Structures are given as structure tokens and as C-alpha cells.
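*Asks:* Predicted structure and sequence below. I'll ask about it afterward.
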Amino acid sequence: MIDLTKYTELTKVYKQALKIERECEKLVNKEKKINFEKAMEKYDEIYKPYKKYIHTTFAETVFNLLTQLNPKLIEHRTGKKLKFNEVFGDDFNKLNESMVIHLYKLANETSAIYKYEDEVKRLDEKILKGGDYLKPCEIGFETPVWRNGEELECGYQYGLPIEVWKQISYEEKVKNDEMFESLSQRERAEYMNKTYKMKYKLKNYSNEKPQEK
């Protein structure tokens, strides 16, 4: 088992992150008593110090430790088993925002993109079972693929690259999501193959429409 709680430098920055988070929470609660709606508008601004800390000092500390331990990770998209360095490389400054966020998740949450092959004791002392993902990525909801600190293939949400899906309007999201959800599994596979050069074998998927089930 990988016990992250036994590494002093990591537990130190974890406690500092919790302290900053509590301070931000107090400010939000104080603002709520004055004006709830305005407090919600200020929420992201108030929590900036916490987000900055976990995306810089905390994430880099996690990166430095895992670079040394070099544990084996499992890739959700492909099911491949890879060493940490094969996925995240050896230069923290090369990582994009999503990779940095998932460094935090590897220490204290659950990453949907990569997980440990071995059982791990997180910083909050919860034990996470290692091993393969119980459910593979769904068609049109694929996770990214990272190698050596670079993104080889982006992730997808409702058949759109995640970054594109995030940027479109709510109305566009609803229209796109309803369209995608109306497709059969085979139609989704065909769509992803044609649009993004995926390699789904169509014969493996049902052509039954969702509403026909």
C-alpha cells in the first residue's frame, strides 16, 4: 500500500491547504450573513488563495514526491498501466491546468483520469482500493491521454472536446447533449470515429435507440 500520510513535507502542505480553506470558508460565511446572493457572486474570488495554493505549492509537492516514488497508474481511457513519470513527466512547469488539478486528486480525492494500481492511503487517511476501473470510459465521454507531461489526446463530453463543451452557452449545451443522448451506441461510435478519428468497432455496439429500451 502507498501511505501518503507518512511523508512529512506532503502532510505539512496539506495542513496548510486546510487552514487556507477554512479561512476562505469563514469569509464566505461572513459575507452570507450580510448578503447571501452577493456572497455567492464573490465565492470564486474569496477562494482564490486556496485554489492558488493547491494548484502551485501543494500540487508541486505531490509531483515531487510521486516523481520519486514513481508508482504505477492505470489510465481510464485505455486501461494501460503506466509509471507516474511516463504520464506526468519530470517537469512540473510543463503541466497544463488539468494535470495540476489531478495531482491534487491523486493525493486527496479520486482522479477520473488516472488511478493507482496499488491501494493508497490518502492524506485525509481514507483508503482507496487500487486496480482497474470498474467501468471503462463511455463513447463520447472519453478522458484525456497524457504522456510525459503533455496531452496526447483531449477528453470529450457529450461528443465534444471538453474545452469546447465548457465554452459553449447553456442553450448550446442543452441542444448538443439532447442530440447526443438520442443516438444509439453504434451511432455514437460512428460519430466519434468520423469526427475525431476514434477506432471504435461498430459491430461491438447496439443500434438500439435509448427510447426503445
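*Replies:* Yep, it's here.
*Asks:* residue ranges with poor pLDDT in the chain?
*Replies:* 211-213 (pLDDT under 70).
*Asks:* That one: helices as residue ranges?
*Replies:* Counting by DSSP state H, the chain has these helices, from start to end: 8-34, 36-46, 48-53, 59-69, 84-88, 97-108, 162-167, 170-181, 185-196.
*Asks:* okay if I get these as CSV plus distance to residue 146?
*Replies:* All C-beta spots, glycine's among them, are computed from the backbone N, C-alpha and C. Listed next are the helices of the chain as CSV, based on distance: least, CB to CB, whole Å:
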stretch, distance to residue 146
helix 8-34, 22
helix 36-46, 26
helix 48-53, 21
helix 59-69, 13
helix 84-88, 5
helix 97-108, 6
helix 162-167, 13
helix 170-181, 25
helix 185-196, 17
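*Asks:* tell me the most buried of these?
*Replies:* Using mean count of other CB atoms under 10 Å, the stretch among the helices of the chain with the greatest mean number of neighbours is helix 84-88 (a mean of 21).
*Asks:* ok, residues contacting it?
*Replies:* Outside of helix 84-88, the residues within contact range by CB atoms under 8 Å, 6 or more residues apart in numbering are 63, 66-67, 69-73, 75, 95, 99, 103, 114, 146-149.
*Asks:* let's see it at 7 Å
*Replies:* 63, 66-67, 70-71, 73, 95, 99, 114, 146-149 (CB atoms under 7 Å, 6 or more residues apart in numbering).
*Asks:* Tell me the one of those nearest residue 161?
*Replies:* Within these, the smallest distance to residue 161 is 15.0 Å, found for residue 146 (CB to CB).
*Asks:* From residue 40, how far out is the residue of the chain most remote from its centre?
*Replies:* Residue farthest from the centre of the chain, counting by CA atoms, centre = their mean, is residue 34 at 34.6 Å. Using CB to CB, to the nearest Å, we find residue 34 at a distance of 12 Å from residue 40.
*Asks:* now residue 77
*Replies:* Distance from residue 77 to residue 40, by CB to CB: 35 Å.
*Asks:* now do residue 129
*Replies:* Taken as CB to CB, the span from residue 129 to residue 40 is 36 Å.
*Asks:* And residue 150, by the same measure?
*Replies:* In terms of CB to CB, residue 150 sits 37 Å off from residue 40.
*Asks:* do residue 120 as well
*Replies:* On the measure of CB to CB, residue 120 and residue 40 end up 35 Å apart.
*Asks:* before we move on, what about residue 57?
*Replies:* Distance, residue 57 to residue 40, using CB to CB: 27 Å.
*Asks:* Also residue 94?
*Replies:* Residue 94 is 35 Å from residue 40, by CB to CB.
*Asks:* Cool, thanks, signing off.
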